[in-house]
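**Q** show me the folded form of this:
(chains A, B, C and D)
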Protein chains: 2
Amino acid sequence: MTVSRVINDSRHTSPETRERVNRAIAELGYMPNVLARQLRSKTTKTIALVLTDIANPFFTTIARGVEDAARARGYAVMFCNTDESEAEELEYLRVLIQRQVDGVLLVPATDSSVSLKLLAEHGLPAVVLDRRVRSAEVDEVRTDSEFGALLAVRHLIELGHRRVVVLAGPETVSTSTDRVAGYRRALEEADIGPESEQVIFGEYNEASGYEMTRRALVARPQPTAIFACNNFIAIGAIQALRESGMVVPADMSIAVFDDLPQGWVLDPFMTVVAQPAYEIGRQAAELMLERLAGHAPADPRTIVLPCQLITRRSTAPPRREATIEPAIKVPAQWAQTESHA
Amino acid sequence: MTVSRVINDSRHTSPETRERVNRAIAELGYMPNVLARQLRSKTTKTIALVLTDIANPFFTTIARGVEDAARARGYAVMFCNTDESEAEELEYLRVLIQRQVDGVLLVPATDSSVSLKLLAEHGLPAVVLDRRVRSAEVDEVRTDSEFGALLAVRHLIELGHRRVVVLAGPETVSTSTDRVAGYRRALEEADIGPESEQVIFGEYNEASGYEMTRRALVARPQPTAIFACNNFIAIGAIQALRESGMVVPADMSIAVFDDLPQGWVLDPFMTVVAQPAYEIGRQAAELMLERLAGHAPADPRTIVLPCQLITRRSTAPPRREATIEPAIKVPAQWAQTESHA
DNA sequence: GCCGCCTATGTTATCGTTAACAAGATTTCA
DNA sequence: TGAAATCTTGTTAACGATAACATAGGCGGC
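**A** Reported below is the predicted structural model:
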């Protein structure tokens, strides 16, 4: 019909016809059937964002960046939550292929590349976010986890800590291993021998953070500082510390990878390595949209964004080594001033 | 093709053919095109959940209930976030109609019924969640906001409070007005005159909670307790109280509608009116799925679920009226014991 | 006046699936 | 044995849009 032309092009249509068609549309409450359009045009104007934990504000922020960039160019976004499970991830990808999405932004549950192979088989472009994948030939956007961890642990060491325990996520996830690598580099830098290393691998959630902290606390000599590899691990850690009556930062310092929103765990304000989560999402979407528009080079591109240490009140010199401050002063009300490094 | 029969029915197909088809599917990596299927069958096996704030754990929990119920019957769920804006709501509904969703679960941004009219015009079934809508002929699932508010405010009054301020959401939202009504009933019950009433309407978010609290604190005589009509308002309130140096519950009690997850605002644990959020979502989805299956009566149904007062440590007798406890004892570490009423 | 080009509209075929019908093969049962 | 019932497979049309082509005027240039 000419109707199609009015709705889409509006080139090659006379003003009267356009008027007539629009009137009819208004009268009938007509709305085009997107399904039919997509079937015919072989493009759904939809991209998918597959991530591991939508409840984590870090990923929520990424999702916003993706959505904003996509919407600005008329694309819709489908969100899929894999719960850190590769099986779920593959399940979702199959659904997405069937639903004919134009491309997939993926936070992979593991560093295996079977998911990417599946996408490649079906000719779907992909962008990997936040994590590295072994031997992948795709666009990637992430931050330098190793360097961020180095900053955080260096900060703890500068405060005087010598026994720092790192609570990591799964060993199969690159952000875990990279952050542990950064931790090791910081120890080496300070000539702290590997015998003082304390690394616990677990999962990127509250329960695991709680459990790892309980384990860390029974170690002798007890660590004086915790480096949590993500924000949920830190929340679990705080709960475990409270239960065992330890006060942060007097009895235990804690530094965290990934920021937490205001309103979460107000007390104490956390020293964190903040990632530009919104930008990770936005730029990943941009890479994808460029590729879909045909404006992208054939070779994969990698964007590594900077991260930033924000020191707040959850880190302080350890009890024994405290020299300047006379004792463990725990202000009832934490000041909200921040210093950025 | 016979292929279709193998994939769907598998009735009326010989085992050999089925085998042959399945082999071919595996070899070719064939996946059916969902779009075409949906176009032909006029059903997308998709329902939409349109809500006002996906960042609020109350709605996140509803979303889980919806998703679980839907998935169990093979339905997919599309989530849409209206940000409490009726314009956005209508925008989304138009998209959903175009995308041919089978039905819509709606947390309406206002109590107007234009959205429901739009859906009815296009023959789409709807279920209204959490809030009431004026003169609507649709299925509804919610809790008894007025009764919940009555419980919370009665609890404050029993503790000895006489000046309770209620921080509400928008006046155009039924949960706001219902909770204010419950507040008034509690005051009447206790023979507290309307001159002691203090009602502030705002929005269901942190910023508004903060701002309303600042306003409430300058009132003279100052209120001794706050009743926050939702959890985000409460978080904003807590921030404002901290800034002005007030300690909860010694200087100010606070009771909240909607529970908060562990990990959020640990200190102090909140006295809340908890709603069965998951059940609201699940039962709403069930109503919809029943209707889609043709098993529902023509007349609209309304489900009102019970809510529950959970007293924790954010409420205590007011300073002046304190008689039994000698002073305002604020334990450094809040116990996590809960008593249910 | 004729040709070619541009514009506005109509026609046909197609995307990939399934509903509906058709028809041959096989089984059931009187 | 024959007719009806059942099973298996094939054929056609349709879902609602658009791409591609076709047609018919209108216009300007020579």
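**Q** in a strand, residue A:303, correct?
**A** Yes - under DSSP: H, G, I helix; E, B strand; the rest coil, residue A:303 falls within a strand.
**Q** thought residue A:144 was touching it, still the case?
**A** No - with contact defined as Cβ atoms under 8 Å, residue A:303 does not count as touching residue A:144 (11.0 Å). C-betas here are computed from N, CA, C, even on glycine.
**Q** any low-confidence regions in the stretch 201-341 of chain A?
**A** Where the stretch 201-341 of chain A drops to pLDDT under 70, the residues are A:263, A:265-268, A:320-341.
**Q** show me where it has its strands.
**A** Assigned by DSSP state E, counting those that start in this stretch, the stretch 201-341 of chain A shows strands spanning A:225-228, A:253-257, A:271-274, A:302-305, A:308-311, A:339-340.
**Q** winner for burial among those strands?
**A** When these are scored by mean count of other Cβ atoms under 10 Å in any protein chain shown, the highest mean neighbour count falls to strand A:225-228 (a mean of 31).
**Q** who in chain A is up against chain B?
**A** Proximity of chain A to chain B, by Cβ under 8 Å from any Cβ of the partner chain, involves residues A:29, A:31-36, A:38-39, A:44, A:55, A:60, A:76, A:79, A:94-95, A:97-100, A:121-122, A:206, A:232, A:235, A:238-239, A:242, A:245, A:262-267, A:333.
**Q** could the strands of the stretch 201-341 of chain A go into CSV alongside distance to residue B:258?
**A** Output for the strands of the stretch 201-341 of chain A, formatted as CSV (distance: least, Cβ to Cβ, whole Å):
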stretch, distance to residue B:258
strand A:225-228, 28
strand A:253-257, 27
strand A:271-274, 27
strand A:302-305, 36
strand A:308-311, 30
strand A:339-340, 34
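**Q** figure out which of the ones you listed is closest to DNA strand D.
**A** Minimum separation from DNA strand D across these (Cβ to the nearest atom of the strand) falls at strand A:302-305, 32.4 Å.
**Q** partners of the closest one in the sheet?
**A** strand A:139-143 (parallel) (DSSP bridges).
**Q** list the buried residues in the strand it pairs with.
**A** The neighbour-count check on strand A:139-143 (16 or more other Cβ atoms under 10 Å in any protein chain shown) flags A:139-143 as buried.
**Q** and that strand with strand A:253-257, angle?
**A** When axes from the mean of the first three to the mean of the last three Cα atoms, to 10 degrees is applied, the directions of strand A:139-143 and strand A:253-257 differ by 160 degrees.
**Q** so what's residue A:190 up against?
**A** Counting by Cβ atoms under 8 Å, 6 or more residues apart in numbering or on different chains, residue A:190 touches A:154, A:157.
**Q** thinking again about what came up before, within reach of DNA strand D, which of the residues of chain A next to chain B are there?
**A** Checking these against DNA strand D by Cβ under 7 Å from any atom of the strand, the ones in range are A:31-33, A:36, A:39.
**Q** buried subset of the residues of chain A next to chain B as a ChimeraX selection?
**A** Of the residues of chain A next to chain B, the buried ones go into a single ChimeraX selection, burial set by 16+ other Cβ under 10 Å:
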select /A:33,34,35,38,39,44,60,76,79,95,97,99,100,206,232,235,238,239,242,263,264,265,266,267
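**Q** assign residue A:12 to helix, strand or coil.
**A** Assignment for residue A:12 (three-state DSSP): coil.
**Q** now do the contacts for it.
**A** residue A:5.
**Q** ok, 10 Å please
**A** By Cβ atoms under 10 Å, 6 or more residues apart in numbering or on different chains, the contact list for residue A:12 reads A:2, A:5.
**Q** for it, give its distance to DNA strand D.
**A** Taking Cβ to the nearest atom of the strand, to the nearest Å as the measure, residue A:12 falls 8 Å from DNA strand D.
**Q** so residue A:111 sits in a helix?
**A** No - read with three-state DSSP, residue A:111 is coil and lies in no helix.
**Q** please look at it and residue A:169 and confirm they touch.
**A** No - if you go by Cβ atoms under 10 Å, residue A:111 and residue A:169 don't touch, sitting 11.8 Å apart.
**Q** more crowded one of those two?
**A** residue A:169 (27 against 19; other Cβ atoms under 10 Å in any protein chain shown).
**Q** do you know how far that one is from residue A:234?
**A** According to Cβ to Cβ, to the nearest Å, residue A:169 stands 12 Å off from residue A:234.
**Q** overlap in contacts, these two.
**A** Listed contacts common to residue A:169 and residue A:234 are A:209, A:228, A:257; contacts here mean Cβ under 10 Å, 6+ apart.
**Q** quick check: the first one touching residue A:166?
**A** No - applying Cβ under 10 Å, one finds residue A:209 not in contact with residue A:166, separated by 11.9 Å.
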